[in-house]
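**Q** What follows is a protein structure lacking sequence information:
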């Protein structure tokens, strides 16, 4: 028989992937100018759901959820969004093995207010080919923080603010210097 094709080899590898679970934690609500932690943990069926969830940060306002996912020894976890600045806090590619969860973490900062979306993907590495198996989209309600909005306005308009303040001070000085003090009679 002819040797198997690359596609047949990959399909065979996919069929032999170990079953596992993904637990992830994201904030429900945020304010502009503030950052929050997003975390995801993956483990094989040997890792309990409790162990997966306990490896996630315990910040208030966080929502943790789980999903089944195939796992391989080498995996990547990516977090993407056009609405957030994302800082990786762990290696994108990690080893998933044994009975302890493998965890990825990111800090996110919203770029604006509104219903903003995050996209989390668990990526399995097979024969130097990556394949997204489990993807999760999360919407986060982001409100405007008045202090952050004032700070951004001032930093973006400091020349205008300085000119207006200077003109106001000059006008006040001229007004006060034109007023004559009443003469006292003796």
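**A** Cool, the structure landed. This is a predicted model, so every value here is computed, not measured.
**Q** centroid residue for this structure?
**A** residue 108 (2.9 Å; Cα atoms, centre = their mean).
**Q** Next up, the contacts around that one.
**A** Applying Cβ atoms under 8 Å, 6 or more residues apart in numbering, we find residue 108 in contact with 35, 36, 37, 38, 79, 81, 84, 85, 86, 87, 118. Backbone N, C-alpha and C define where each C-beta goes, glycine included.
**Q** One more: residue 55?
**A** Contact analysis of residue 55 by Cβ under 8 Å, 6+ apart lists 23, 39, 41, 101, 103.
**Q** is it true that the second one touches residue 105?
**A** Yes - assessed by Cβ atoms under 8 Å, residue 39 is found in contact with residue 105 at 4.7 Å.
**Q** what do the two both touch?
**A** In terms of Cβ under 8 Å, 6+ apart, residue 39 and residue 105 are both contacted by the residues residue 57.
**Q** The two: which has the busier surroundings?
**A** residue 39 (22 against 18; other Cβ atoms under 10 Å).
**Q** Could I get the pLDDT score of that one?
**A** pLDDT recorded at residue 39 is 94.
**Q** ok, which stretches of the protein are helices?
**A** With DSSP state H applied, the chain shows helices at 6-15, 49-54, 146-156, 158-178, listed in chain order.
**Q** Would you mind saying which of those lies nearest residue 133?
**A** helix 6-15 (8.7 Å; Cβ to Cβ).
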